[in-house]
Every structure is written in C-alpha cells, then in structure tokens.
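Chemist: Kindly generate the corresponding structure for this input.
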Amino acid sequence: MTLKAVLFDFNGVIINDKLLHEKLIEQILIEENILLKPGEYHKCCLDRSDRACL
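Modeler: I've put the predicted structure just below:
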C-alpha cells in the first residue's frame, strides 16, 4: 500500500487547540521552574514553532 495523502493541520484549521497548546507549554516550563508572565506566551510563542517558542 502506498501513501496517497498527507493531512497537515495548522492550528485552528481543523481544530482550535491554541488554549490546550498554551497550557502544555506552560506545564513544560513549570517543570523547569520557569514561570511565564501574563501575555508572555502570546508575545513569544504564538505563530511560531515550539522550538522557536522554547
């Protein structure tokens, strides 16, 4: 069987998972003893890759 299609979802196209994604990033940072200031996630991470955000 060969691959016939690839489904790629930018956040918000098929599902809106921005809030979930933000909470997961916050959890990862908390485990590293890093706390985000209010609005910092949106300023630094929105519309960027996880690598760029972290």
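
Chemist: From residue 27, how far off is residue 10?
Modeler: Distance, residue 10 to residue 27, by Cβ to Cβ, to the nearest Å: 22 Å. For every residue, glycine as well, the C-beta is placed using N, CA and C.

Chemist: what about residue 28, neighbour count?
Modeler: 12 (other Cβ atoms under 10 Å).

Chemist: Check which helix or strand it maps to.
Modeler: helix 18-31 (DSSP states H and E).

Chemist: now the end-to-end length of stretch 26-44.
Modeler: Stretch 26-44 has an end-to-end distance of 12 Å (Cα to Cα, to the nearest Å).

Chemist: and it, which residues are buried?
Modeler: 26, 29, 36, 41 (16 or more other Cβ atoms under 10 Å).

Chemist: pLDDT of it, averaged?
Modeler: For stretch 26-44, the mean pLDDT works out to 91.

Chemist: mind checking pLDDT for the residue nearest the centre of the chain?
Modeler: Closest to where the C-alpha atoms of the chain average out (Cα atoms, centre = their mean) is residue 21, at 4.2 Å. We have a pLDDT of 85 for residue 21.

Chemist: thinking again about what came up before, out of the buried residues of stretch 26-44, give me the two with the largest separation.
Modeler: Spatially, the most separated pair among these is 29 and 41, at 9.2 Å (Cβ to Cβ).

Chemist: related to what we said a few turns ago, report the distance from the helix holding residue 28 to the chain centre.
Modeler: Mean-position distance between helix 18-31 and its chain equals 8 Å (Cα atoms, centre = their mean, to the nearest Å).
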